[in-house]
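1. Got a predicted model here, sequence first, then my questions.
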Amino acid sequence: MHHVNPRVLQMLEFLDDCSHKGGRLAARFRLQRRQRLKEQRPPRLLVHRAIHKVRRKTVNEMLSPCENMRCVLERLHAEGVATGVVSNGLGRGYGHDVLEAFDLRKYFSTAVFREDVRRGKPWPDSILEALSNIGRDLRRTDVIWYIGDQRKDIAAAQAASEIIGHTIRPIALGARAALGAIEQRIPNSQIMWCAADFERAVHNAFDSDDYSLPMYGPVAAPVV
């Protein structure tokens with residue numbers, strides 16, 4: 001999806017990052033108290049709820065579909081690849097509306113939004129939740145791609161990979177994610193500067209019989 005006003009999207013990402021950093025700082029002071037609690041409290045979503053409460057436009061007015069990514073989803077669906085969507089945004093009042101408004105729900109076996117997990121990205125919780133609800137058990141031969149456009153997506157994918165002991169191959173889409181990929185020494189073949197680059201990479205992966213291609217090849221699970 002393309003945001004009609006990219007500056008608004010940048011602001012939302014900035015606020016989300018600030019919320020994460022503030023949450024980590026506050027957690028240090030609440031650690032002893034949390035250890036005494038028997039039940040986990042639901043996630044604090046004050047920033048997200050405030051943003052969505054202020055929002056008055058419909059998703060159709062705020063977003064425009066990316067046809068390259070729709071082609072990618074069509075190809076993955078045709079190849080029988082199980083896919084899921086993972087977002088730090090709220091599902092209620094936004095994420096689920098996007099899936100319905102642009103006829104995207106049919107492509108995904110699962111959708112995990114901020115209210116579905118205790119911690120959002122860069123924590124791995126949402127990715128782990130998506131994998132557990134993808135529709136089948138994880139197999140040793142599975143190749144897992146995680147496509148993200150933010151640095152925290154790269155961090156979340158690597159953290160999840162370490163937990164499950166199975167390689168999750170992060171695909172950095174755009175400049176912000178590319179910075180995170182470079183910092184973590186992700187291969188250049190997993191950095192896509194635009195949606196068209198990723199579309200070509202996906203088609204090449206399925207049209208070729210060479211399973212040594214970077215999108216396929218096995219690598220050891222990273223240590224975070």
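-> Thanks, I have it. All figures in this text were calculated on a predicted structure; none of them were measured in a lab.

2. tell me the domain boundaries of this protein?
-> According to automatic domain parsing, the chain comprises the domains 2-59, 64-207.

3. can you redo those domains as JSON lines with mean neighbour count?
-> (Each C-beta comes from the backbone N, C-alpha and C, glycine too.) Below are the domains of the chain laid out as JSON lines (neighbours: other Cβ atoms under 10 Å):
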{"stretch": "domain 2-59", "mean neighbour count": "12"}
{"stretch": "domain 64-207", "mean neighbour count": "18"}
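
4. lowest-confidence stretch among these?
-> Ranked by mean pLDDT, the domains of the chain bottom out at domain 2-59, with a mean of 58.

5. Helices of this structure, residue ranges please.
-> 6-36, 46-54, 59-62, 67-78, 96-101, 125-132, 151-164, 175-183, 195-207 (DSSP state H).

6. List the residues that contact the closest residue to R105 other than its chain neighbours.
-> Closest residue in space to R105, ignoring its immediate chain neighbours: L99 at 4.2 Å, by Cβ to Cβ, 6 or more residues apart in numbering. By Cβ atoms under 8 Å, 6 or more residues apart in numbering, the contact set of L99 is V85, R105, F108, A111.

7. who touches the residue nearest to the last one when sequence neighbours are not counted in this structure?
-> Counting by Cβ to Cβ, 6+ apart, A111 lies nearest to V85, which is 4.7 Å off, once chain neighbours are set aside. Contacts were defined as Cβ under 8 Å, 6+ apart; by that measure V85 touches G95, L99, L104, F108, T110, A111, V112, A130.

8. is it true that the fifth one touches S87?
-> In this case it means T110. No - counting by Cβ atoms under 8 Å, T110 stays clear of S87, with 11.8 Å between them.

9. between the contacts of L99, which is closest to R139?
-> The closest of the contacts of L99 to R139 turns out to be F108 (Cβ to Cβ; 19.5 Å).

10. how much space between the closest one and N68?
-> According to Cβ to Cβ, to the nearest Å, F108 and N68 sit 17 Å apart.

11. ok, now Q158?
-> In terms of Cβ to Cβ, Q158 sits 26 Å off from N68.

12. same question, D137
-> From D137 to N68 the distance is 31 Å (Cβ to Cβ).

13. Then K57?
-> Taking Cβ to Cβ, one finds K57 at 24 Å from N68.

14. and what of S132?
-> Taking Cβ to Cβ as the measure, S132 falls 29 Å from N68.

15. what residues are up against the residue nearest to A172 when sequence neighbours are not counted?
-> Sequence neighbours aside, A181 is the residue nearest to A172 in space, at 3.9 Å (criterion: Cβ to Cβ, 6+ apart). The contact partners of A181, by Cβ under 8 Å, 6+ apart, come to I154, P170, A172, Q190, I191.

16. show me the contacts for the closest residue to the second one other than its chain neighbours.
-> Same thing as P170. Nearest non-adjacent residue to P170, counting by Cβ to Cβ, 6+ apart: A157, 3.9 Å away. Taking Cβ under 8 Å, 6+ apart, we find A157 in contact with P124, I127, Y146, G148, I168, R169, P170.

17. change it to 6 Å
-> Applying Cβ atoms under 6 Å, 6 or more residues apart in numbering to A157 gives the contacts Y146, I168, P170.

18. Narrow those residues to those in strands?
-> Y146, I168, P170 (DSSP state E).
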